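> need a structure here:
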Amino acid sequence: MYKKKFDEIPTRDDISMKQAVEKWLEVYRLRRKFDESSVASFWGEIIGPYIEKRTLKIFVKDKKLYVKVESAVVKHELTLMRRQVIGRVNEHAGQVLVEELVIL
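Residues are numbered from 1 along each chain as shown. I've put the predicted structure just below:
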């Protein structure tokens with residue numbers, strides 16, 4: 001039995017894994033939910049390790065970013081940095097994902 005080498009396999013319709021996932025997210029209209037969940041997974045990169053360690057819960061709902069923190073000091077810091085946090089999250093997402101920050 002003859003096995004084809006990898007170079008001999010036709011690649012006209014091949015797409016990368018990234019393109020396949022992007023297309024799948026668009027077809028099933030999951031892009032927004034995916035971006036919202038990525039905010040929680042990249043929270044440490046967006047805000048820094050100090051606040052990340054003191055963050056208890058984070059989620060996005062109706063273009064509002066809800067952040068629950070453990071101390072009043074961190075809550076005050078986030079309140080002062082409100083516009084910067086929203087800007088960083090939207091920059092990371094590549095679109096306007098969050099319009100308001102609610103600190104719990």
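> Counting by contacts, list what the helix or strand harbouring residue 66 packs against.
Here residue 66 sits within strand 64-69, counting by DSSP states H and E. With contacts defined as 3 or more CB pairs under 8 Å, 6 or more residues apart in numbering; DSSP states H and E, the packing partners of strand 64-69 are strand 55-61, helix 72-80, helix 82-93, strand 100-103. Backbone N, C-alpha and C define where each C-beta goes, glycine included.
> The shortest one pairs with which strands?
Pointing back at strand 100-103 there. Using DSSP bridges, the strands paired with strand 100-103 in its sheet are strand 64-69 (parallel).
> who's in contact with residue 57?
Residues near residue 57 by CB atoms under 8 Å, 6 or more residues apart in numbering: 66, 67, 68, 104.
> quick one, which of the helices and strands packed on strand 64-69 is packed in tightest?
helix 82-93 (a mean of 16; mean count of other CB atoms under 10 Å).
> Pull it out as CSV, backbone CA atoms only.
The C-alpha trace of helix 82-93 is given here as CSV (Å, rounded to 0.1, in the frame of the first residue of the first chain):
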residue,chain,number,x,y,z
ARG,A,82,-12.1,53.3,36.1
ARG,A,83,-11.5,54.8,32.6
GLN,A,84,-8.1,53.2,32.2
VAL,A,85,-9.5,49.7,33.1
ILE,A,86,-12.3,50.0,30.6
GLY,A,87,-9.8,51.2,27.9
ARG,A,88,-7.4,48.3,28.6
VAL,A,89,-10.2,45.7,28.5
ASN,A,90,-11.5,47.1,25.2
GLU,A,91,-8.0,47.3,23.7
HIS,A,92,-7.3,43.7,24.7
ALA,A,93,-10.6,42.6,23.1
